[in-house]
Structure formats: C-alpha cells, structure tokens
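Novice: Sequence unavailable; structure follows:
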C-alpha cells in the first residue's frame with residue numbers, strides 16, 4: 001500500500017504532458033542519488049536534502065485520500081519527490097521509502113537508463129526488462145545490518161519524453177534485541 005502511495009504521488013499519467021523541464025540522464029540519476037540513495041535510511045538526512053534551497057522543492061498539498069496515507073510529496077520545475085517514513089509500522093513494511101521522478105531529454109532506452117543507474121550507484125548486475133512503452137528494473141542490495149535496499153527504476157514513454165521514476169525502500173531485517 002505504501003509503495004502504491006509512491007507510485008500515485010510520483011508518476012503523472014503517461015497520457016498527460018508533463019510540466020516538468022526535461023533533464024539529461026546523468027542529472028536525473030544524480031538527483032535520485034543525492035536525494036534518496038545517499039541519505040538512505042536516515043530520514044533527517046533526506047529531509048535536509050529535500051529542504052535544501054538549490055533543489056527548489058515545494059511541498060505539495062495533500063488530497064483527503066493522501067492525508068490518510070503516510071508520506072509527503074514535493075515538486076520543483078525539474079522533478080517530483082516522495083518520501084515515506086513508517087518506522088512505527090510493523091517490520092515487514094519497507095521504511096523509509098523515497099522516489100524521484102524526472103522527464104529525460106533525448107530518447108534514452110530503458111536499458112540505457114538501467115545501465116546508467118547500475119553504474120553510477122554501483123548496483124549489482126541484474127537482468128534488464130524488455131524494451132517497451134513502460135519498463136521496470138529491480139535491484140536488491142543487502143546491507144551489513146540485516147536490512148536490504150530494494151530499488152526500482154521505471155521508465156515510461158510520454159508525450160513530454162521518457163519519464164524516469166527511481167524508488168528505493170529499506171526492507172528492514174529482523175533486529176536482534
């Protein structure tokens with residue numbers, strides 16, 4: 001359900017033209033790295049980056065439905081960001097979760113996006129999905145404390161260009177007391 005919040009918040013409908021300014025692939029991956037990947041799993045660090053003036057992110061007002069879900073969303077001329085911190089929920093809920101959505105310049109394929117993400121974040125090798133109007137790749141990255149980070153990269157062809165959504169969630173392992 002929380003992952004659904006991220007998808008609903010971060011991904012405008014593929015049929016709609018986005019108001020986001022297209023960015024180069026390296027910048028899109030760099031924004032995800034800066035906001036979500038490098039701050040995982042520290043909510044305070046993520047909020048410090050999200051609230052930094054240079055990103056120009058403004059918190060989005062919540063609809064009544066969104067107000068009943070954990071998490072917040074922000075937008076800027078270049079991106080949309082969601083962040084969910086549910087440490088108070090049972091361990092089987094991934095927490096925190098963070099996503100960045102951008103529209104990319106050029107006609108990069110999903111495999112080119114996945115290759116760039118894998119290289120820049122030093123992710124393990126995985127099999128990339130088939131090229132399609134909408135494609136997804138997933139990585140699991142074990143952590144030394146028993147947690148596992150799960151990353152999703154989704155690309156969707158839209159009238160504005162390729163929309164890239166990168167999501168990371170901390171799958172919390174069983175903690176010893």
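Specialist: Cool, the structure landed. Being a predicted model, the structure only gives us computed values, none of them experimental.

Novice: Please look at residue 167 and residue 96 and confirm they touch.
Specialist: No. Counting by Cβ atoms under 8 Å, residue 167 does not reach residue 96; the two are 11.2 Å apart. C-betas here are computed from N, CA, C, even on glycine.

Novice: all strands of this protein, in order?
Specialist: Secondary structure of the chain (DSSP state E): strands at 58-59, 72-75, 79-84, 97-104, 134-142, 148-158, 161-171.

Novice: gap between residue 126 and residue 107?
Specialist: Taking Cβ to Cβ, to the nearest Å as the measure, residue 126 and residue 107 are separated by 23 Å.

Novice: count of neighbours near the residue nearest to residue 157 when sequence neighbours are not counted?
Specialist: Nearest residue to residue 157, sequence neighbours excluded (Cβ to Cβ, 6 or more residues apart in numbering): residue 133, at 4.8 Å. By other Cβ atoms under 10 Å, 10 other residues sit near residue 133.

Novice: pLDDT at residue 133, what is it?
Specialist: On the pLDDT scale, residue 133 is placed at 85.

Novice: repeat for residue 40
Specialist: 95.

Novice: lowest-confidence helix or strand of the protein?
Specialist: helix 2-10 (a mean of 43; mean pLDDT, DSSP states H and E).

Novice: Contact partners for the closest residue to residue 34 other than its chain neighbours?
Specialist: Counting by Cβ to Cβ, 6+ apart, residue 34 lies nearest to residue 49, which is 6.1 Å off, once chain neighbours are set aside. Taking Cβ atoms under 8 Å, 6 or more residues apart in numbering, we find residue 49 in contact with 34-35, 38-39, 55.

Novice: can you do 10 Å?
Specialist: Residue 49 sits next to 31, 34-36, 38-39, 55, 57, 81, 83, 98 when contact means Cβ atoms under 10 Å, 6 or more residues apart in numbering.

Novice: Mind picking the two most distant members of these?
Specialist: 38 and 57 (16.1 Å; Cβ to Cβ).

Novice: Of the two, give the one with the bigger neighbour count.
Specialist: For residue 38 versus residue 57, neighbours defined as other Cβ under 10 Å are more numerous around residue 57 (21 against 13).

Novice: Nearest the geometric middle of the protein, what residue?
Specialist: Centroid-nearest residue in the chain, with Cα atoms, centre = their mean: residue 99, separated by 2.1 Å.

Novice: who's the closest residue to residue 113 other than its chain neighbours bridged to?
Specialist: Among residues not flanking residue 113 along the chain, residue 155 sits closest, at 5.4 Å (Cβ to Cβ, 6+ apart). Residue 155 forms beta bridges with residue 135, residue 164, as assigned by DSSP bridges.

Novice: sorry, back to before: separation between the residue nearest to residue 157 and residue 110?
Specialist: Distance, residue 133 to residue 110, by Cβ to Cβ: 10 Å.
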